[in-house]
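Sharing a model prediction with you, sequence too.
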Amino acid sequence: MVQRPFGGPAQVLDYLGRYTHRVAINNHRIKNIADGKVTFTAKNRKKNKTYPVTLEAKEFLRRFTLHILPSGFMKIRAFGFLSNTNKKEALKTIRKSLDVNPPPEPDEDEPQETTAEKILRLTGIDVAHCPKCKTKLISGPLPLPERPP
């Protein structure tokens, strides 16, 4: 018996998306380690404020190890021209050197293609319907999950 993930598949995808692209906590967030306690900063995304959190070292390590990826998963990092700090300018330079025009900006009035529509167009596979019984599985874009405070 497989237990359904808390919050549903969208929350799991959101979680994996965040944690396959970065470490669980950066060194600059760890403010103090003393007397068997670790103090670090956390962020309340709803209020957009940071605040200090102090935990026993054992509890800090327990929480940290929850973010270790399972075997077979790999952290994804972008270096060079794909790094966020360089991407926009580097792509301009690369396009100029290759004499390639940037892609056109999407038309505001034109409806945007959904991911399921794009997969169908590119591969011929209709992910919005069950391949066996043709029952519609997806009706519209997937909702974004609520993030905990």
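That came through fine.

in a helix, that's where residue 63 is, yeah?
Yes. According to DSSP: H, G, I helix; E, B strand; the rest coil, residue 63 belongs to a helix.

Going by secondary structure, the nearest residue in space to it that is not next to it in sequence is in what exactly?
Leaving aside its sequence neighbours, residue 63 sits nearest to residue 55 (Cβ to Cβ, 6 or more residues apart in numbering; 7.3 Å). Just so you know, the C-beta spots here come from the backbone N, C-alpha and C atoms, and that holds for glycine as well. Assigned by DSSP states H and E, residue 55 belongs to strand 49-56.

do you know how far the residue sitting furthest away from the middle of the chain is from residue 60?
Largest separation from the mean C-alpha position in the chain: residue 35, at 34.9 Å (Cα atoms, centre = their mean). Residue 35 sits 13 Å away from residue 60, going by Cβ to Cβ, to the nearest Å.

Next: residue 36.
The gap separating residue 36 from residue 60 is 10 Å, by Cβ to Cβ.

What of residue 116?
For residue 116, the distance to residue 60 - Cβ to Cβ - is 41 Å.

coming back round to it: who does the strand holding residue 55 pair with, and is each partner parallel or antiparallel?
As defined by DSSP bridges, the strand partners of strand 49-56 come to strand 37-44 (antiparallel).

What's the mean pLDDT across the strand it pairs with?
Averaged across strand 37-44, the pLDDT comes to 92.

before we move on, what about stretch 135-145?
64.

swap in stretch 56-74?
82.

What is the burial count for residue 137?
12 (other Cβ atoms under 10 Å).

If you could redo that for residue 114, that was the one I meant.
When neighbours are defined as other Cβ under 10 Å, residue 114 has 14 of them.

let's number from 26 now, not from 1
Sure, I'll start numbering at 26, so the last one becomes residue 139.

before we move on, back to that, report the contact partners of the residue farthest from the centre of the chain.
With contact set as Cβ atoms under 8 Å, 6 or more residues apart in numbering, residue 60 has no partners.
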